[in-house]
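**Student:** have a look at this prediction, sequence included:
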Amino acid sequence: MRRILPTIVGAQFGCTSLWFAGNAVAPALAARFHLGPDFVASLTSAVQLGFISGTLAFALLTVADRFSPSRVFFVSALLAAFSNLGVSWPGLESTGLLACRFLTGFFLAGIYPVGMKIAADYYQAGLGKSLGWLVGALVLGTAFPHLLRGLAAHLPWQIVTLTTSALAVLGGLGMVLLVPDGPYRRPAQQLDFTSCLTGFRQPEFRAAAFGYFGHMWELYTFWAFVPVLLTGYHARHPAAELNVALLSFGIIGGGSLACVGSGLLSQVLPARTVAAGALALSGLCCLASPLVLGAGSAPLLLGFLFFWGVVVVADSPLFSTLVARSAPETVRGTSLTIVTCLGFALTIVSLQAVAWLAPRLGTHLLLLPLAVGPALGLWALAQSPRPAPTLPDQTRHVS
């Protein structure tokens, strides 16, 4: 069925557009609630905390393995869309706003990892390529609210929340109507609260998981602070006339092409090698950031951020591929979910640490602490046993 992968990709894009919908309208929300400059970190952390709580609940209850993944995706999409609309509710206070973003993140737990589970149930060989498209859709969906805000700058900010919620509903409908359970699905037969930890007994699974954790320490903090860096530069150099929303979309959304490219590259090179290469490049960007952020050159800054936006996420589908391949078949969805849960838990620590350090370090050193993640991720990959050589990962799937 040729419609399967395009439908999964389209549904993932539509639903994950909810992720940074709050960040795209953060200036309007901050003015509405009279909140300070640390509001962006709190807003992002609320979504991340909700996602962590949701993935933990889904993993402990083995939801993605005990129930139809497409139906789980559909119900989660509807609930996430409704929660996203909550930020437009008249009379809502700042606490209610953060609660709405928390709930949006909670129900995204039934979208992102479950979407990867659905793809893994259809594609065994060629999984890296398939997840490259899938994570690429996540990245583009994450960046999309910035594009909306940039194009609709003179329209009410509620347009962003309405549009992203509508896309999420359409994505959920597409998944439940067009994507039945995959042929490689092995449903779990009973509730087992410890099944989420099964994969960590295997060295290959641990290496992939800890590599992913290092990647996640860097990724979402970089994404969250891209608009902050651009806004700060624009304030210092107003003659540059930067369109912060459109540039943020380009820097973050450009990573979607990198995900597709790394997935294709994994057809000719081992996924682990490609992931390690991308992680090393993004680590070098962390180390080089003080020189670029302190230079005061707009072309240098933009070129650097665009390059970093590409390499920072290129390894994401490959780590997910490595996790999915090494996870036990009957708890593959749960294993993906718990690894995603722990990875996103690290993003809150990273976000809050950088937000706390920002006034103490200065703008030019703002992103230097992110280098810790790639360094530890590469160390974890280096400690794991090398897998046996395999044939190239040619794309084969059930059609």
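**Tutor:** The structure has been received and is ready for your questions.
**Student:** so where is this structure shaky, pLDDT-wise?
**Tutor:** Within the chain, the segments meeting pLDDT under 70 span 1, 36-41, 124-125, 152-153, 186-197, 199, 330, 384-399.
**Student:** quick check: most distant residue from the centroid of it.
**Tutor:** Of all residues in the chain, residue 239 has its C-alpha farthest from the mean position, at 33.4 Å, by C-alpha atoms, centre = their mean.
**Student:** ok, now which ones touch residue 13?
**Tutor:** 137-138, 140-141, 144, 167, 171 (C-beta atoms under 8 Å, 6 or more residues apart in numbering). C-beta here means a position set from N, CA and C on the backbone, and glycine is covered the same way.
**Student:** any idea which of these is closest to residue 26?
**Tutor:** In terms of C-beta to C-beta, no member of those lies closer to residue 26 than residue 144, at 15.3 Å.
**Student:** hmm, the closest one is touching residue 17, no?
**Tutor:** Yes - with contact defined as C-beta atoms under 8 Å, residue 144 counts as touching residue 17 (4.5 Å).
**Student:** from what I can see residue 78 touches residue 172, true?
**Tutor:** Yes - contact status for residue 78 versus residue 172: in contact at 5.8 Å, counting by C-beta under 8 Å.
**Student:** got a list of contacts for stretch 285-294?
**Tutor:** Residues contacting stretch 285-294 (C-beta under 8 Å, 6+ apart): 218, 229, 300-301, 304, 307-308, 311-312, 363-368, 370-371, 374.
**Student:** 6 Å instead?
**Tutor:** 300, 304, 308, 363-365, 367-368, 370-371 (C-beta atoms under 6 Å, 6 or more residues apart in numbering).
**Student:** what is the burial count for residue 209?
**Tutor:** Using other C-beta atoms under 10 Å, residue 209 has 24 other residues around it.
**Student:** just the buried residues of stretch 79-90, please?
**Tutor:** 79-88 (16 or more other C-beta atoms under 10 Å).
**Student:** show me those that map onto strands.
**Tutor:** The members of these all map outside strands under DSSP state E.
**Student:** go through the residues you listed and say which is closest to residue 264.
**Tutor:** Closest approach between these and residue 264, by C-beta to C-beta: residue 80, at 30.0 Å.
**Student:** quick check: which element contains the nearest residue to the closest one once chain neighbours are set aside?
**Tutor:** Distances taken as C-beta to C-beta, 6 or more residues apart in numbering put residue 107 closest to residue 80, at 3.7 Å, once the chain neighbours are dropped. Using DSSP states H and E, the element containing residue 107 is helix 94-108.
**Student:** could you check how far that helix is from the centre of its chain?
**Tutor:** 17 Å (C-alpha atoms, centre = their mean, to the nearest Å).
**Student:** and that helix, what does it pack onto?
**Tutor:** On a contact count with 3 or more C-beta pairs under 6 Å, 6 or more residues apart in numbering; DSSP states H and E, helix 94-108 meets helix 39-60, helix 69-85.
**Student:** closest one to residue 262 among those helices?
**Tutor:** Across the helices and strands packed on helix 94-108, residue 262 has its closest neighbour in helix 39-60 (23.1 Å, C-beta to C-beta).
**Student:** if I pick the residue nearest to residue 80, what's in contact with it?
**Tutor:** Listed by C-beta under 6 Å, 6+ apart, the contact partners of residue 107 are 76, 79-80.
**Student:** let's see that with 7 Å instead.
**Tutor:** Residue 107 makes contact with 54, 76, 79-80, 83, according to C-beta atoms under 7 Å, 6 or more residues apart in numbering.
**Student:** before we move on, the earlier item: kindly reformat the contacts of residue 13 as CSV containing secondary structure.
**Tutor:** Compiled in CSV, these are given as follows (DSSP: H, G, I helix; E, B strand; the rest coil):
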residue, secondary structure
137, helix
138, helix
140, helix
141, helix
144, helix
167, helix
171, helix
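**Student:** out of these, which is nearest to residue 246?
**Tutor:** Nearest to residue 246 among those, with distances taken as C-beta to C-beta, is residue 144, at 11.9 Å.
**Student:** still on that earlier bit, the inter-axis angle of the helix holding residue 107 versus helix 39-60?
**Tutor:** Interaxial angle, helix 94-108 versus helix 39-60 (axes from the mean of the first three to the mean of the last three C-alpha atoms, to 10 degrees): 40 degrees.
**Student:** next, the buried residues of helix 94-108.
**Tutor:** For helix 94-108, using 16+ other C-beta under 10 Å, the buried residues are 94, 97-108.
**Student:** so how far is residue 114 from residue 181?
**Tutor:** The gap separating residue 181 from residue 114 is 12 Å, by C-beta to C-beta, to the nearest Å.
**Student:** how about the strands in the protein?
**Tutor:** Assigned by DSSP E, the strands in the chain number zero.
**Student:** more neighbours: residue 78 and residue 172, which one.
**Tutor:** Neighbours were counted for residue 78 and for residue 172 using other C-beta under 10 Å; residue 172 has more, 26 against 17.
**Student:** is it true that that one touches residue 73?
**Tutor:** Yes - look at residue 172 against residue 73 with C-beta atoms under 7 Å: they come within range, at 6.3 Å.
**Student:** between the two, which contacts overlap?
**Tutor:** In terms of C-beta under 7 Å, 6+ apart, residue 172 and residue 73 are both contacted by the residues residue 11.
**Student:** wait, what's in contact with residue 128?
**Tutor:** 263, 266, 271, 317-318, 321, 393.
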